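My questions are about this predicted structure, shown below with the sequence.
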Amino acid sequence: MANPIIDLAAQISNAAKAIADFMASNGHPQPSFDVDAPQSFPSAPKDILDARQQLLDASQTIRELLLGPAEYLRWFSCGHHDMSSLRWIYHFKIAEAVPLDRPISYAQLAKERSVDEDLLKRILRHAMTNRIFYEPESGLVAHTCVSALLVRSKSLNDWIGYTLEETYPSSAKLVEVHEKHGNSQKPSESAYSIAFNTDEPLFVHLTKFPDRERRFANTMIEMTSTEGYSVHHLVDGYKWEDIGNATVVDVGGSTGHACIAIAETKAPEATFIIQDLSTVIEQGAKALPRGLESRFTFQEHDFFTQQPVSASIYLLRFILHDHPDSVSKQIIQNIVPAMKNGSRLIINDTVIAEPNTLPRSEERKSRTMDLEMMTMFNARERPLADWVKLCSDADSRLKLRSISRPEGSVLSVMEFILDDQ
């Protein structure tokens, strides 16, 4: 009779050996929590990435089996304390006061941050169970590679700050918002709105708080700078080399970084119009690489208003997942009147996989992002069928022609064509 614990342990052992051998043979340091350890897993071939995924899932499964359901549920329900201890560290800027190259005493650290020493010890010793700091000897605090990132990466620190100060309190209001508003399609009736006592959507509300707005912007920069959101997946995931001298309108295109990558590598004859708010496009125009000036136009445009440019291709990159269906439908409907028969709408966004088709840890990430959208915007991550329905509801002439998800990409590339036939 098969023994799940023995089987899982064998999977872990085999995957760990494959990864360790790859690290050694390619000159990569072995994983550790040392303060100067690498920040992320190195680039690796598919078989090694698969082994890593297998090890992560098997190790999580064996832990849960050995805990048993009662102990698992009891301590799972206490997970909010992981967030509260990290929030305390973030709020009092503890990481910044710990030297990167040596330990510091609790007494000195408490004095520098004007906090109670006993509270500091108790909270940090909890955080240390999550690899955030460690105690090299009694009474001293030092950085791990995890806590050091709170100092070394401003954008990651802002990501954590946004999660702790905006998402964390909002997530506690899901029950209240659904009791009050049900499955509302209004961004102003979100869990965020209840948590922060506002009738404004998050994007509008944050404009009143410049520091929070800046932190949110840096959070988006941090997220989209990771490999899974890299622009090269959009560049490689569509046949841009076949568009010839077409005009591409990047709706909500920020500073134009996506179209710049397309123009430089795949579409040498195409022209590009980057549309966004005035302050954003001003930055993009100033940063445009030399040699592209004749092919790029930066245009102020609010995608909640009708599209002013008739073009062959419209690009919506990572826009619609921030909005509920009713609002996303409006955004698409504002584009359609400018489209001609055969015009294309390229949507570069998350297509959430069907249940039980991904490794569990990967599915957890996508489900977490879905709840993030629900909590903060009343939005959602959509499966393919919902994307097709959304575009069809916006205009029945919009037909899905192709979809791809490049290896390693979080986002898919969906091509819809306006078909008057």
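Received, thanks.

quick one, strands of the protein?
104-105, 140-141, 247-251, 271-276, 296-300, 313-317, 344-349, 398-404, 412-418 (DSSP state E).

mind giving me TSV with those and columns for mean neighbour count, distance to residue 89 and mean pLDDT?
(C-beta placed from N, C-alpha, C; glycine too.) Below are the strands of the chain laid out as TSV (neighbours: other Cβ atoms under 10 Å; distance: least, Cβ to Cβ, whole Å; pLDDT from 0 to 100):
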stretch	mean neighbour count	distance to residue 89	mean pLDDT
strand 104-105	14	14	98
strand 140-141	20	11	98
strand 247-251	24	39	97
strand 271-276	24	35	96
strand 296-300	17	41	96
strand 313-317	24	34	98
strand 344-349	22	34	98
strand 398-404	16	41	97
strand 412-418	21	36	97
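
Now render these as a markdown table, adding distance to residue 379.
Below are those laid out as a markdown table (distance: least, Cβ to Cβ, whole Å):
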| stretch | distance to residue 379 |
| --- | --- |
| strand 104-105 | 43 |
| strand 140-141 | 40 |
| strand 247-251 | 17 |
| strand 271-276 | 19 |
| strand 296-300 | 24 |
| strand 313-317 | 14 |
| strand 344-349 | 11 |
| strand 398-404 | 20 |
| strand 412-418 | 17 |
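
Determine which residue lies closest to the centroid of the chain.
Centroid-nearest residue in the chain: residue 223, 4.4 Å away (criterion: Cα atoms, centre = their mean).

Roughly how far does the closest residue to that residue other than its chain neighbours sit from residue 258?
Sequence neighbours aside, residue 229 is the residue nearest to residue 223 in space, at 6.3 Å (criterion: Cβ to Cβ, 6 or more residues apart in numbering). Note on residue 229: its distance to residue 258, by Cβ to Cβ, to the nearest Å, is 11 Å.

Out of these two, name the residue with the larger neighbour count.
The neighbour comparison of residue 229 against residue 258 (other Cβ atoms under 10 Å) goes to residue 258, with 23 against 19.

pLDDT score for the residue nearest to the centre of the chain?
Per-residue confidence (pLDDT) for residue 223: 81.

Can you tell me which of the strands of the chain is nearest to residue 205?
For the strands of the chain, the distance to residue 205 is smallest for strand 271-276, at 19.9 Å, taking Cβ to Cβ.

right, and the residue nearest to residue 223 touches residue 318 too?
Yes - in this structure, residue 229 is within contact of residue 318 by Cβ atoms under 8 Å, at 7.5 Å.

Between those two, which contacts overlap?
Shared contacts of residue 229 and residue 318 (Cβ atoms under 8 Å, 6 or more residues apart in numbering): residue 411.

OK, contacts around residue 157?
90, 95, 149-151.

Enumerate every residue touching residue 29.
Per Cβ under 8 Å, 6+ apart, neighbours of residue 29: 23, 37-38.

Ok, residue 263 next?
Taking Cβ under 8 Å, 6+ apart, one finds 270, 272, 292, 295-296 in contact with residue 263.

how much space between it and residue 353?
From residue 263 to residue 353 the distance is 31 Å (Cβ to Cβ).

Also residue 120?
In this view, residue 120 and residue 353 are 43 Å apart by Cβ to Cβ.

out of these two, which sits in the more crowded spot?
residue 120 (20 against 16).

In contact with that one, which residues are there?
Counting by Cβ under 8 Å, 6+ apart, residue 120 has contacts 94, 106, 109-110, 113.

mind giving me CSV with those residues and columns for neighbour count, pLDDT and distance to residue 136?
Shown next, in CSV, are the contacts of residue 120 (neighbours: other Cβ atoms under 10 Å; pLDDT from 0 to 100; distance: Cβ to Cβ, whole Å):
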residue, neighbour count, pLDDT, distance to residue 136
94, 24, 98, 17
106, 18, 98, 12
109, 23, 98, 14
110, 20, 98, 18
113, 15, 98, 20
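
just these now: which is nearest residue 387?
residue 94 (43.2 Å).

what ranges of the protein fall below the confidence cut-off?
1 (pLDDT under 70).

domain parsing for it?
Domains of the chain are assigned by the TED database as 1-24+47-67, 81-152, 154-222, 229-357+380-418.

What is the linear distance spanned by the third one between its boundary residues?
Counting by Cα to Cα, to the nearest Å, you get 9 Å between the two ends of domain 154-222.

cool, stretch 167-185 as well?
Start-to-end span of stretch 167-185 (Cα to Cα) is 19 Å.

Stretch 141-154 now?
End to end - Cα to Cα - stretch 141-154 spans 21 Å.

Could you find the closest non-adjacent residue to residue 53?
That would be residue 359: by Cβ to Cβ, 6+ apart, it lies 5.2 Å from residue 53.

isn't that neighbour right next to residue 58, touching?
No - under the contact definition of Cβ under 8 Å, residue 359 does not touch residue 58, with a separation of 10.0 Å.

The two - which one has more neighbours?
residue 58 (21 against 15).

how long is stretch 111-125 from one end to the other?
18 Å.

let's number from 163 now, not from 1
Noted, 163 is the first residue going forward, which turns the last one into stretch 273-287.

what distance separates it from the centre of its chain?
32 Å (Cα atoms, centre = their mean, to the nearest Å).

who's in contact with residue 328?
354, 364, 374, 378, 538.

farthest pair in those?
Applying Cβ to Cβ across these, the maximum distance is between 374 and 538, 12.7 Å.

more crowded one of the two?
Counted by other Cβ under 10 Å, residue 374 and residue 538 do not tie: residue 538 has more neighbours, with 24 against 18.

what separates the closest residue to the more buried one other than its chain neighbours from residue 512, distance-wise?
Nearest non-adjacent residue to residue 538, counting by Cβ to Cβ, 6+ apart: residue 354, 4.9 Å away. Distance, residue 354 to residue 512, by Cβ to Cβ: 20 Å.

So for these two, which residue has more residues nearby?
In this view residue 354 and residue 512 are compared by other Cβ under 10 Å, and residue 354 has more residues nearby, 26 against 23.
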